[in-house]
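> The following comprises the amino acid sequence and a computationally predicted model.
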Amino acid sequence: MGILNVTPDSFSDGGQFDKPAKALQRVRQMIAEGADIIDIGGESTRPGARAVSIEEELERVIPLIEAIRAESDIPISVDTSKAPVMLEAVKAGANMINDVRSLRESGALAEVAGLEAPVCLMHMQGEPRSMQTNPHYQNVVEEVLQFLLQRVEVCVAAGISRDRLAIDPGFGFGKTLQHNLALFHALDRFVATGLPVLVGVSRKSMIGQLLDIPVEARMPASVALAGLASWLGAAILRVHDVQPTVHAVRMCRAIKNSD
Ligand code: 7PJ
């Protein structure tokens with residue numbers, strides 16, 4: 001899953017792709033590099049980020065989805081928590097919903113129940129504005145897993161069938177470095193649920209903190225973690241650097257399938 005942030009303030013590629021022509025060019029490049037899904041986000045969820053209005057998010061995301069659809073059948077995922085954006089995105093040609101708030105915003109659950117698109121449910125403690133202030137867990141793996149399984153049940157009860165759902169521990173969303181490491185170490189527990197697991201660690205601060213390097217220097221570690229996540233059974237890797245990730249994952253799969 002190649003990331004396309006159409007926000008002026010994303011931490012890792014901030015403002016580079018907020019002009020439609022540039023964004024479309026970037027999408028073409030990610031497709032050529034082997035992306036299977038393009039994830040389009042119009043709301044920045046970086047720590048401390050401000051909220052974005054529905055209108056603003058629609059303006060950022062919908063024209064781009066339409067433009068991609070006009071020239072490609074590539075599956076498109078929309079990174080949003082807002083019910084109206086989910087609906088309009090699917091109408092414009094998006095195939096999947098990626099919600100960092102796990103359909104907890106008002107109307108989101110009912111909106112998605114009325115659609116057919118698959119959904120990724122992600123764990124986040126708190127809200128982007130304050131989530132990194134003092135993340136706290138008794139047992140991060142059990143709590144994140146229980147949260148996701150509970151959201152799965154809520155979705156199923158609302159009429160979203162289990163085969164439409166994927167889960168994501170939400171690396172960096174209300175988590176310290178230790179929490180992120182423990183979750184990654186326990187990825188097999190998430191995989192064992194039988195639900196597809198999405199992993200998003202690309203260029204994130206857990207890499208910056210451990211290696212003490214800025215965001216521009218985080219590609220090699222991001223690719224290594226993507227290979228490891230794939231080895232551990234992750235189904236979808238949400239990444240900025242598509243080509244090196246595709247190479248790493250193909251090598252990992254070839255080894256895994258060689259026994
Ligand atoms: C994630 C995401 C993630 C899912 C972002 C960033 C922050 N969606 N959206 N999982 N992260 N499902 O790219 O660093 O980890 S935005």
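Happy to help now that I have it. Because the structure is a prediction, the values reported are computed rather than measured. Numbering: from 1, shown residues only.

> Can the longest helix out of those in the chain be said to contact the ligand?
Ranked by residue count and defined by DSSP state H, the top helix of the chain is helix 140-157. No - on the criterion C-beta under 6 Å from any ligand atom, helix 140-157 is out of touch with the ligand, staying 11.4 Å away. Placement of C-beta: from N, CA and C, glycine included.

> outside of the next helix or strand after that helix, which residues touch it?
Next in sequence after helix 140-157, counting helices and strands by DSSP states H and E, comes strand 165-168. Strand 165-168 has contacts (C-beta atoms under 8 Å, 6 or more residues apart in numbering) with 118-123, 148, 152, 155, 190, 193, 195-200, 235-236.

> Pull out the buried members of the residues you listed.
Listed as buried from those are 118-123, 148, 152, 155, 190, 195-200, 236; burial here means 16 or more other C-beta atoms under 10 Å.

> Return the subset of the residues you listed lying in strands.
Applying DSSP state E to those, the entries found in strands are 119, 120, 121, 122, 198, 199, 236.

> For the residues you listed, which two are the farthest from each other?
Taking C-beta to C-beta, the two most distant members of these are 119 and 199; they sit 16.4 Å apart.

> need the contact list for the residue in the chain positioned nearest to the ligand.
Per C-beta to the nearest ligand atom, residue 200 is where the chain lies closest to the ligand, at 2.4 Å. Taking C-beta under 8 Å, 6+ apart, we find residue 200 in contact with 168, 170, 171, 237, 238, 239.

> Stretch 162-181 close to the ligand?
Yes - Stretch 162-181 lies within reach of the ligand by C-beta under 6 Å from any ligand atom, at 168, 170, 171.

> Take these and write them to CSV, including neighbour count and pLDDT.
Listed next are the residues of stretch 162-181 next to the ligand as CSV, based on neighbours: other C-beta atoms under 10 Å; pLDDT from 0 to 100:
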residue, neighbour count, pLDDT
168, 27, 98
170, 26, 98
171, 24, 98
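
> Mind giving me the packing neighbours of the longest helix of the chain?
helix 108-113, strand 119-122, strand 165-168, helix 177-185, helix 187-191 (3 or more C-beta pairs under 8 Å, 6 or more residues apart in numbering; DSSP states H and E).

> How about residues contacting that helix?
Residues from elsewhere that reach helix 140-157, judged by C-beta under 8 Å, 6+ apart: 102-104, 109, 112-113, 119, 121, 123, 137, 162, 164-165, 167-170, 175, 179, 182-183, 186, 189-190, 193, 195.

> same thing but 7 Å
Helix 140-157 is contacted by residues 102-103, 109, 121, 123, 137, 162, 165, 167, 169, 179, 182-183, 186, 189-190, 193, 195 when judged by C-beta atoms under 7 Å, 6 or more residues apart in numbering.

> Next, the angle helix 177-185 makes with it.
60 degrees (axes from the mean of the first three to the mean of the last three C-alpha atoms, to 10 degrees).

> Pick out whichever of the residues of stretch 162-181 next to the ligand sits closest to residue 129.
For those, the residue nearest residue 129 by C-beta to C-beta is residue 170; the value is 15.7 Å.

> which residues touch that closest one?
100, 122, 123, 124.

> ok so, going back, max pairwise distance over the contacts of residue 200: which two?
The most widely separated members of the contacts of residue 200, counting by C-beta to C-beta, are 170 and 239 (15.7 Å).

> returning to what we had before: pick the most buried one from the helices and strands packed on helix 140-157.
Most buried of the helices and strands packed on helix 140-157, by mean neighbour count (mean count of other C-beta atoms under 10 Å): strand 119-122, with a mean of 26.

> Same list, the ones in strands among the buried ones among the contacts of strand 165-168, but as JSON lines with pLDDT please.
Output for those, formatted as JSON lines (pLDDT from 0 to 100):
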{"residue": "119", "pLDDT": "98"}
{"residue": "120", "pLDDT": "98"}
{"residue": "121", "pLDDT": "98"}
{"residue": "122", "pLDDT": "98"}
{"residue": "198", "pLDDT": "99"}
{"residue": "199", "pLDDT": "98"}
{"residue": "236", "pLDDT": "98"}
